[in-house]
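Novice: Could you work out the structure for the sequence below:
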Amino acid sequence: MYGAKSSSRSTGLFFVLCALMLLLAMLSQQVWATGARGAARSALAPLEQTMTSAAAQVDRVVSIFGDVSALHAENAKLRAADEQQRRQIVELQAAAKENAHLRQALDFQKSSGHRLVAADVIGAGPDELTRTMEIDRGTADGVKPGMVVVTGAGLLGRVREAGPHAANVQTLADPQSRVNVYLSKSGLQGTVAGGQASLALDLPHAIGVTASNGDWVLTSGVGGSYPRGLVVGEIATIAHRDTSTSDLAEVAWVNEPANVSFVLVITDFTPS
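Specialist: Presented below is the predicted three-dimensional model:
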């Protein structure tokens, strides 16, 4: 009984609501309801503008995020292209330097009058203090300990040890290295000693003759350790010592082991 009454009330309420909705729809279309509709529109206008503005802001934000993403992608492409270009420039510069060294070596080979064996540098020696380097030619190629090693620029050092297919070269930078030299302009003779920072030249005093910056230093052949006329370097600075029997000069070496990748071994000169 109670269930039937409840169902009846629900059904009645439903029909009442439907009737009210129909009535409201009819009234809203009447002429006298025009003012109410206008008031409603006026009341809702600010809300509509706010919603429209918010939608525009959302569109702008989305557009900005899209632009930023596109800029990031474009910047990534530009960075990749720039890195590739820099790498190509470095490779071209290295190739140009290598070609220059090879041309120098070829010119030396043509003008020296010596028999030479060409070799590539394959590594530095095990001890940094001795300033040595490894080359890919050995006794099987006619390379023996004591042989003089040069580059196209000038004297590098001598072979210290040699195996069948590789050899160890002691460079002039080794503190134990010594080479007798003369100066191309003044003719003064002295001895160049190796060192970690630079090559040092000890020049005995000679009456009426002095050395100067820019004078070329060449092997003199005195003592028979090296052939005469190999370029060692150029005088960079010189300290004249009135209280000593010699002057001390710093020699700018024509070879820097770190930059040498190709050498020539003189095979027809036997040091005495």
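Novice: Can you measure across stretch 125-134, start residue to end residue?
Specialist: Stretch 125-134 has an end-to-end distance of 6 Å (C-alpha to C-alpha, to the nearest Å).
Novice: could you give the mean pLDDT of it?
Specialist: For stretch 125-134, mean pLDDT rounds to 76.
Novice: cool, stretch 250-270 as well?
Specialist: So the average pLDDT for stretch 250-270 ends up being 89.
Novice: ditto for stretch 166-179
Specialist: 93.
Novice: Give me the buried positions along that stretch.
Specialist: By neighbour count with 16 or more other C-beta atoms under 10 Å, stretch 166-179 contains the buried residues Ala166, Ala167, Asn168, Val169, Gln170, Thr171, Leu172, Ala173, Asp174, Ser177, Val179. Placement of C-beta: from N, CA and C, glycine included.
Novice: What's the separation between the residue nearest to the first one when sequence neighbours are not counted and Thr132?
Specialist: Pointing back at Ala166 there. Once flanking residues are discounted, Ala166 sits nearest to Gly138: 5.0 Å by C-beta to C-beta, 6 or more residues apart in numbering. Here Gly138 is placed at a distance of 15 Å from Thr132 (C-beta to C-beta, to the nearest Å).
Novice: okay, and for this protein, where does confidence drop off?
Specialist: 1-56, 58-59, 61-67, 82-112, 126-130, 196-197 (pLDDT under 70).
Novice: Which stretches in it count as strands?
Specialist: 116-124, 132-135, 148-150, 155-162, 167-171, 178-183, 189-193, 199-204, 216-219, 231-239, 246-253, 262-266 (DSSP state E).
Novice: related to what we said a few turns ago, okay, now the residue nearest to Ala166: neighbour count?
Specialist: Using other C-beta atoms under 10 Å, Gly138 has 20 neighbouring residues.
Novice: likewise Glu74?
Specialist: Glu74 has 10 neighbours, counted by other C-beta under 10 Å.
Novice: Which two among the buried residues of stretch 166-179 are spaced furthest apart?
Specialist: Ala166 and Val179 (24.3 Å; C-beta to C-beta).
Novice: just the strands of the chain: most buried one?
Specialist: strand 148-150 (a mean of 26; mean count of other C-beta atoms under 10 Å).
Novice: From the contact counts, what lies against it?
Specialist: Packing partners of strand 148-150 (3 or more C-beta pairs under 8 Å, 6 or more residues apart in numbering; DSSP states H and E): strand 155-162, strand 262-266.
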